[in-house]
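> Need a 3D model of the following:
(chains A and B)
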There are 2 protein chains.
Amino acid sequence: MASLSPTKKHRVAVIGSGNWGTTIAKVIAENTKANPDLFEETVQMWVFEEEVQIPESSEHFDRGSALCTKPQKLTHIINSIHENVKYLPGVPLPSNIVGNPSLEETVKEASILIFNLPHQFIEKACDQLQGKILPFARGISCIKGIEVSDKGIELFSEWIGRKLGIYCGALSGANIATEVALEKWSETTVAYDPPSMDSSQPSPQGSPKTSQINLGEMSGRAEDSSKKVKMMALPAEYPPLSHENVKKIFHRPYFHVRMVDDVAGVSLGGALKNIVAVAAGFVDGLGWGDNAKAAVMRVGLLEEVKFGKMFFEKSVKTATFTEESCGVADMITSCSGGRNFRCAKMSVEKGMSINEVEKQELNGQKLQGTSTAYEVNGFLKSQGLEDEFPLFTAVYNILEGNKKPEDIPKLLEAPSKYR
Amino acid sequence: MASLSPTKKHRVAVIGSGNWGTTIAKVIAENTKANPDLFEETVQMWVFEEEVQIPESSEHFDRGSALCTKPQKLTHIINSIHENVKYLPGVPLPSNIVGNPSLEETVKEASILIFNLPHQFIEKACDQLQGKILPFARGISCIKGIEVSDKGIELFSEWIGRKLGIYCGALSGANIATEVALEKWSETTVAYDPPSMDSSQPSPQGSPKTSQINLGEMSGRAEDSSKKVKMMALPAEYPPLSHENVKKIFHRPYFHVRMVDDVAGVSLGGALKNIVAVAAGFVDGLGWGDNAKAAVMRVGLLEEVKFGKMFFEKSVKTATFTEESCGVADMITSCSGGRNFRCAKMSVEKGMSINEVEKQELNGQKLQGTSTAYEVNGFLKSQGLEDEFPLFTAVYNILEGNKKPEDIPKLLEAPSKYR
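Residues are numbered from 1 along each chain as shown, chains lettered A, B, ... in the order given. Reported below is the predicted structural model:
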């Protein structure tokens, strides 16, 4: 079967310009330049506009320059000196990144939308984007975390997809933004699996191919028809978004990408590992050594798998957790020295509650691990499934003061789930 | 089908009394006492006899006691004060452990033989045991490591089984002996999968059931008939050695056991992780951070799986590596602060060769990780398979000075095996 040769290139837009957003824009801009057959070189990056003073410590600071005498628009700084001095200072950005204060302008004609902004801003951004994007655009969410309540679990990628009527994949891995920005080697996982109509075959003139997919297959185990969205096929004028081509958006010599199909697994790994890191911190705080810490991590990894398989049974694969960067590697990193691990460890060592540690160390900001532990517990309770996840449940009960870190071995032994 | 009620109990003997041997004997003696329906309470432990002076720092030291005035036989000390003052000082042992200087006496009437001695002593011990053990005895090897040469790979459990004509399983996990001895919580994996004739059904009078099994399914991929051994069924007078009952030999509230079938996977994990730990040390020595270290660990884990599947395809399961203590957890522990990790890290940080580090830090003793890397490389080379294992091969080439630690990302990227 002969296929038409694509006449268009993909335009990639990045929605978000914080620490991680700017880092990913840098990665992508390097790749659009390196793959001119697939991508337009320019990468528009949406910047929440603010006035910023270039600090004297910056290598771009020049007392004589008009740019430095008073605060400037952040987009103006980014586009002049090619550095995000506020959120990624010291890292030179490729000149083909264009900071753009208008969300609508940023996504204009973009066939690939990269979502990378703090989760509390997604809803507003999506509201503004409705009707402004190409109807056949494809998204990738780099936003970590999941929305869990006693009503169900929702992935940010699903939420974006439903809100905008597009397919949205996910990127997650053992990635600390600053290390990626400095081109220290790491790996990541990209999940991308649009319905099969998304082939390279042309759609009949005037009648774009569509497909109905069920986003959000889980919400309290009931089918929820409001989550079904119509998706439009990618026109044949564009290079197909095969795994090989999607990989080329992100893969760098210092940022190795593995492609998978499992969007739910990729998203869950990045959220649930924070509960495991709290447990690892508890055990390490007791001075029980590396064996005990590794045991908590192993049990935690299997509870992640079980959670995924139980609530996203159609899509989740064990290997996403046990073999990919978004699973085992991200968990290892988080249990090595991440904030959740460190604060939980400190709470045991100093005999403080996590609340007190959060107040003292984080100005009262909540740890992701503790909020996820509470949210997941609320959901498991509503399903009558607390006993099926003894480690997640133990973390919740320790946070609540019902159990002690010393009880963990017994709590894991009791229900014989992991024999 | 009615089954006869067992009239005999299992007698367990431990062959070895070093740090790990004594620790495992302690674990087992606690369990024989706790399960009087299955096991005889007394656990004989073979001690390589030597004269030992109880140190003044020991809580058992008493200037007036005859035991303390001059060196005593180690078995005498163990059986008098219930402590192995030389190899596990400060840990009280259960009084049902009996130190025995005679190998033959130790294994007398024992239906379960636990092998736990340094691997260089196994051959001699097995020579002495031939013809002295119950012909239907079952073994479990707690000896870490594998024998690799360019001729093939052999597991110690297989080697013991062939030499003694018995079935031999394996125990391995994220277990530092001293931590287990101090009852700090950890997990372990026990692989036990004798041929199916090993059921609880009685054998016809006078004609014990036997079965021929092929131990050592791999040696350079050629079938090796010398490795076939005849095994005798366990008589029906004994409680069956189901996974449930084998677990009861080892499981403690502080030492959680998971049972699997995959003897080869359990043994390989404990050996190959040392190569991964060297790689993790190299990368950490470069200051590349936790992401890079986690990436090396993830790739290493998948090379372990691939190695197992390629050379022990009949028995090895992915999950043994990705889900069990002997796999992912042991690798995490070894890459956290083990000797292989620390020395490799130091070699990069100080710009020394591993040889120099071994001389300076280990009095010239070889690291397990480096010798295993060389052995595995020799074997892979002989099979023409070096390129299939880019991380193992990278470690070898860095040790040899052909490559640098900085090359690791590129070496892992090149053959695209891990996309």
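
> Sticking with the closest residue to residue A:192 other than its chain neighbours, tell me its helix or strand.
Of all residues not flanking residue A:192 in the chain, residue A:169 sits nearest, at 3.8 Å (Cβ to Cβ, 6 or more residues apart in numbering or on different chains). C-beta here means a position set from N, CA and C on the backbone, and glycine is covered the same way. Of the helices and strands defined by DSSP states H and E, residue A:169 is found in strand A:167-172.

> one step back: number of residues surrounding the residue nearest to residue A:192?
Taking other Cβ atoms under 10 Å in any protein chain shown as the criterion, the count of residues near residue A:169 is 23.

> I'd say it and residue A:189 touch.
No. Residue A:169 is not in contact with residue A:189 according to Cβ atoms under 8 Å; the separation is 10.5 Å.

> so how far is the strand holding residue A:169 off the chain centroid?
8 Å (Cα atoms, centre = their mean, to the nearest Å).

> can you check stretch A:377-393 too?
On Cα atoms, centre = their mean, the centre of stretch A:377-393 falls 24 Å from the chain's centre.

> Could you do stretch A:391-401 as well?
For stretch A:391-401, the distance to the chain centre is 25 Å (Cα atoms, centre = their mean).

> export that stretch as PDB, just CAs?
Taking Å, rounded to 0.1, in the frame of the first residue of the first chain, the C-alpha atoms of stretch A:391-401 are listed here in PDB:
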ATOM      1  CA  LEU A 391       1.500  -0.600  53.000                       C
ATOM      2  CA  PHE A 392      -0.600   2.300  51.700                       C
ATOM      3  CA  THR A 393      -3.000   1.700  54.600                       C
ATOM      4  CA  ALA A 394      -0.200   1.500  57.100                       C
ATOM      5  CA  VAL A 395       1.200   4.900  55.900                       C
ATOM      6  CA  TYR A 396      -2.300   6.400  56.400                       C
ATOM      7  CA  ASN A 397      -2.700   4.900  59.800                       C
ATOM      8  CA  ILE A 398       0.800   6.100  60.900                       C
ATOM      9  CA  LEU A 399       0.000   9.600  59.700                       C
ATOM     10  CA  GLU A 400      -3.200   9.500  61.700                       C
ATOM     11  CA  GLY A 401      -1.500   8.200  64.800                       C
END
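
> in it, what's buried?
A:391, A:392, A:393, A:394, A:395, A:396, A:397, A:398, A:399 (16 or more other Cβ atoms under 10 Å in any protein chain shown).

> any idea which of those is closest to residue A:136?
Sorting the buried residues of stretch A:391-401 by how near they are to residue A:136, with Cβ to Cβ, puts residue A:392 at the top with 39.3 Å.

> Which strand or helix spans the closest one?
helix A:390-399.

> Strands along chain A, start to end?
A:12-15, A:43-46, A:51-52, A:72-73, A:97-100, A:112-115, A:138-141, A:146-149, A:152-155, A:167-172, A:186-191, A:210-214, A:228-232, A:255-260 (DSSP state E).

> Of these, which is nearest residue B:106?
strand A:186-191 (49.7 Å).

> Does that closest one reach chain B?
Yes. Using Cβ under 8 Å from any Cβ of the partner chain, strand A:186-191 reaches chain B at A:186, A:187.

> Pull the residues that contact that strand.
Residues outside strand A:186-191 that contact it (Cβ atoms under 8 Å, 6 or more residues apart in numbering or on different chains): A:140, A:169-176, A:179-180, A:246-247, A:250, A:254-263, A:265-267, A:320, A:324-327, A:329, B:289, B:291-292, B:294-295, B:298-299.

> Only whichever of these are buried, select them in ChimeraX.
Under the burial definition 16+ other Cβ under 10 Å, those of the contacts of strand A:186-191 that qualify are selected in ChimeraX by:
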select /A:140,169,170,171,172,173,174,175,176,179,180,246,247,250,254,255,256,257,258,259,260,262,263,265,266,267,320,324,325,326,327,329 /B:289,291,292,294,295,298,299
